[in-house]
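**Q** Predicted model follows, preceded by the sequence.
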Amino acid sequence: MVKNGSICLALLVIASVTWSARPQAQMGRMRFQATSAPSCRHTDNATQADRDRAVQAVALAKAINAAESEIMKRVGQYAPFSSLSALPAAPDGFKVYLYANRTGYLFSLKDTLDPCRFAVFSDVAGLIYQQSALTAPVVAQ
């Protein structure tokens, strides 16, 4: 136990001595860049084009909910996105994710052009939501 503590203490001392021995010129080059908030595309000051794209995404969401409801009535189960027909095209920059099984479905339409990750989403309940992510992604895409 003392041996492990001694090793940790020795490593800590070596690290602090190594850090303090760094040349000042090298230290002077270290700069911290302040990151500014991204310019979100779906805020109160959105362009008309982005507002139109959001409206198109909501229209596609409504069409997906209607198509899933119709398929459930006809065949008794929900269908994957590739089986849905007569849907409007996804707006430029939006990617559609739809997961369906026999008893339910959920989907999202994510704006890949928006640094704030705006999305429209819904599920078997038929309610449509839209919002941007609360934080930056934690995992690589």
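**A** Looks like it arrived, so ask away. Note that the structure is a prediction, hence the values are computed from the model and not measured.

**Q** residues making contact with stretch 46-65?
**A** Residues from elsewhere that reach stretch 46-65 (C-beta atoms under 8 Å, 6 or more residues apart in numbering): 41-42, 81, 84, 86-94, 96, 98, 107, 109, 111, 114, 118, 120-122, 126, 128, 130. The way it works is simple: take the backbone N, C-alpha and C, and place the C-beta from them, glycine included.

**Q** What residues of stretch 79-87 count as buried?
**A** By neighbour count with 16 or more other C-beta atoms under 10 Å, stretch 79-87 contains the buried residues 79, 81, 84.

**Q** ditto for stretch 100-120
**A** Quick answer for stretch 100-120 (16+ other C-beta under 10 Å): 100, 105, 107-111, 114, 116-120.

**Q** give me the low-pLDDT residue ranges for the chain?
**A** Filtered on pLDDT under 70, the chain yields the residue ranges 1-38, 135-141.

**Q** picking that back up, any chance of the buried residues of stretch 100-120 in CSV, plus distance to Asp50?
**A** As requested, these are exported to CSV (distance: C-beta to C-beta, whole Å):
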residue, distance to Asp50
Ala100, 29
Tyr105, 27
Phe107, 21
Ser108, 18
Leu109, 14
Lys110, 14
Asp111, 8
Asp114, 8
Cys116, 11
Arg117, 14
Phe118, 9
Ala119, 14
Val120, 13
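
**Q** closest to Glu68 among these?
**A** Tyr105 (5.5 Å; C-beta to C-beta).

**Q** any idea how far the nearest residue to that closest one once chain neighbours are set aside lies from Gln48?
**A** Nearest residue to Tyr105 in three dimensions, chain neighbours excluded: Tyr78, at 4.4 Å (C-beta to C-beta, 6 or more residues apart in numbering). As judged by C-beta to C-beta, to the nearest Å, Tyr78 and Gln48 stand 35 Å apart.

**Q** count of residues packed around the residue nearest to Tyr105?
**A** For Tyr78, the number of neighbouring residues by other C-beta atoms under 10 Å comes to 22.

**Q** from what I can see it touches Leu106, true?
**A** No: when contacts are counted by C-beta atoms under 8 Å, Tyr78 is not listed as touching Leu106 (9.8 Å).
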